[in-house]
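A.B. asks: Just need the structure, nothing else, for what follows:
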Amino acid sequence: MSTSNIFGINVDAKTFGIIEIIIATLIWGSLGVMIRNIDMDPFSIVAYRSLIALPVMMLLFVKNRERLNKNYKLLILSSVAIAMAWSAHFFAFKLTTIANTVVLLYTGPIYVAILSPLLLKEVREKKTNICLILSIAGMFLMYNQGLGDELNDRGLMLGAISGILFAFVIISTKKLSKDYSSITIVTMQLFFSVIILSPALFVEQQELISNLPLLLVLGLVHTAVAEFLYIDGLIRVSTQRASTISYIEPASAIIYAIILLNEVPKGLEVVGISLIAAANIILNVNRDSKNDFSRNKKHKCYQRKKQ
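C.D. replies: A predicted model of the protein is given here:
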């Protein structure tokens with residue numbers, strides 16, 4: 001078993017991968033606080049974020065030496081979706097609470113579970129319907145908490161849209177992963193995002209200087225470093241386990257918002273957030289153990305055949 005050294009301590013590859021994913025999700029958790037402090041249009045923020053992160057990912061892409069000769073149409077569609085998803089997500093950060101924004105983004109995996117049987121030919125689990133009902137109820141309660149506040153309502157709508165768009169990104173990325181590595185997919189998504197949102201790079205140039213330090217942190221730390229850690233972690237850890245660990249992101253985002261912005265979820269928001277969180281937990285529970293059981297069963301059958 002391969003090991004890595006962290007501060008003089010040897011850890012196995014799986015543990016190292018888990019640590020990488022935890023760090024990545026903790027970084028992403030502070031995204032809302034970052035966006036609130038960048039005084040620019042969200043389209044411009046997404047464009048500069050992608051532009052700053054792109055050279056770092058491009059270096060990894062060149063080192064990877066992978067040819068772009070398959071499924072390039074889906075690659076472009078996925079890039080359009082992720083550019084629009086990030087834009088909707090960042091607009092939501094500006095208009096509604098950070099808790100609402102991150103939790104609505106995490107409705108994406110539930111849409112994936114619903115659409116996977118149609119688009120990925122995966123078996124639909126019975127619990128998917130329960131998760132969908134819980135998510136819809138949660139969104140309804142969150143919407144009713146801020147009813148009458150036009151900006152908040154717009155933020156909730158954009159948050160919900162970001163979840164739907166990210167569902168498409170997840171499904172398209174899963175299809176693309178059959179032909180390309182994660183590094184190639186992320187690099188091309190950033191590349192096409194810059195092209196799609198390039199007009200936004202010239203809209204708020206006066207605000208660029210004052211916001212540049214935060215944009216650099218957003219592009220280098222929150223995008224390039226966090227993406228690299230997450231991708232490298234996925235190599236060492238199962239997708240289901242990585243997905244479960246990723247729920248540190250919304251939890252940490254809410255904690256950051258409470259500590260740094262004094263933004264505390266209240267009333268129906270708390271109930272709505274809890275319902276969507278419960279839906280995600282139900283969706284992911286026992287997946288790892290099922291996969292482990294399946295692998296062990298295959299291994300035992302193989303051993304019997306050998307005997």
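A.B. asks: and the helix or strand where residue 102 lies, what does it pack onto?
C.D. replies: Per DSSP states H and E: residue 102 is located in helix 98-105. Judged by 3 or more CB pairs under 8 Å, 6 or more residues apart in numbering; DSSP states H and E, helix 98-105 is in contact with helix 31-37, helix 72-95, helix 127-145, helix 150-176, helix 248-261, helix 268-284. To be clear about C-beta, it is placed using only N, CA and C from the backbone, and glycine gets the same treatment.
A.B. asks: The same query, at a cut-off of 7 Å, please.
C.D. replies: Contact here means 3 or more CB pairs under 7 Å, 6 or more residues apart in numbering; DSSP states H and E; on that basis helix 98-105 packs against helix 31-37, helix 72-95, helix 150-176, helix 248-261, helix 268-284.
A.B. asks: Can you list the low-confidence ranges for this protein?
C.D. replies: For the chain, the stretches flagged by pLDDT under 70 are 1-11, 120-124, 145-149, 239-240, 286-307.
A.B. asks: now with 50?
C.D. replies: The chain contains residues with pLDDT under 50 at 289, 291-307.
A.B. asks: What residues does the closest residue to residue 137 other than its chain neighbours make contact with?
C.D. replies: Leaving out its chain neighbours, the residue that sits closest to residue 137 by CB to CB, 6 or more residues apart in numbering is residue 275, at 5.4 Å. By CB atoms under 7 Å, 6 or more residues apart in numbering, residue 275 lies in contact with 134, 137, 138.
A.B. asks: What about the residues you listed, which one has the most neighbours?
C.D. replies: Tallying neighbours with other CB atoms under 10 Å puts residue 138 at the head of the contacts of residue 275, with 24 neighbours.
A.B. asks: Skipping adjacent residues, who's closest to that residue in space?
C.D. replies: Counting by CB to CB, 6+ apart, residue 138 lies nearest to residue 275, which is 3.4 Å off, once chain neighbours are set aside.
A.B. asks: again, but for residue 54
C.D. replies: That would be residue 190: by CB to CB, 6+ apart, it lies 4.7 Å from residue 54.
A.B. asks: these two touch, right, the one you found and residue 50?
C.D. replies: Yes. Between residue 190 and residue 50 there is a contact under CB atoms under 7 Å: 4.7 Å.
A.B. asks: Contact partners for residue 26?
C.D. replies: Applying CB under 7 Å, 6+ apart, we find residue 26 in contact with 248, 252.
A.B. asks: Please, which helix or strand holds it?
C.D. replies: helix 13-29.
A.B. asks: Could you check how far that helix is from the centre of its chain?
C.D. replies: From the chain centre to the centre of helix 13-29 is a distance of 13 Å (CA atoms, centre = their mean, to the nearest Å).
A.B. asks: can you give me the angle it makes with helix 98-105?
C.D. replies: Relative orientation of helix 13-29 versus helix 98-105 (axes from the mean of the first three to the mean of the last three CA atoms, to 10 degrees): 130 degrees.
A.B. asks: What are the buried residues along helix 13-29?
C.D. replies: 15-29 (16 or more other CB atoms under 10 Å).
A.B. asks: ok, of those, which one's closest to residue 109?
C.D. replies: For the buried residues of helix 13-29, the minimum distance to residue 109 (CB to CB) is 14.1 Å, reached by residue 25.
A.B. asks: so that closest one sits right up against residue 249, yeah?
C.D. replies: Yes. With contact defined as CB under 7 Å, residue 25 reaches residue 249; the gap is 4.3 Å.
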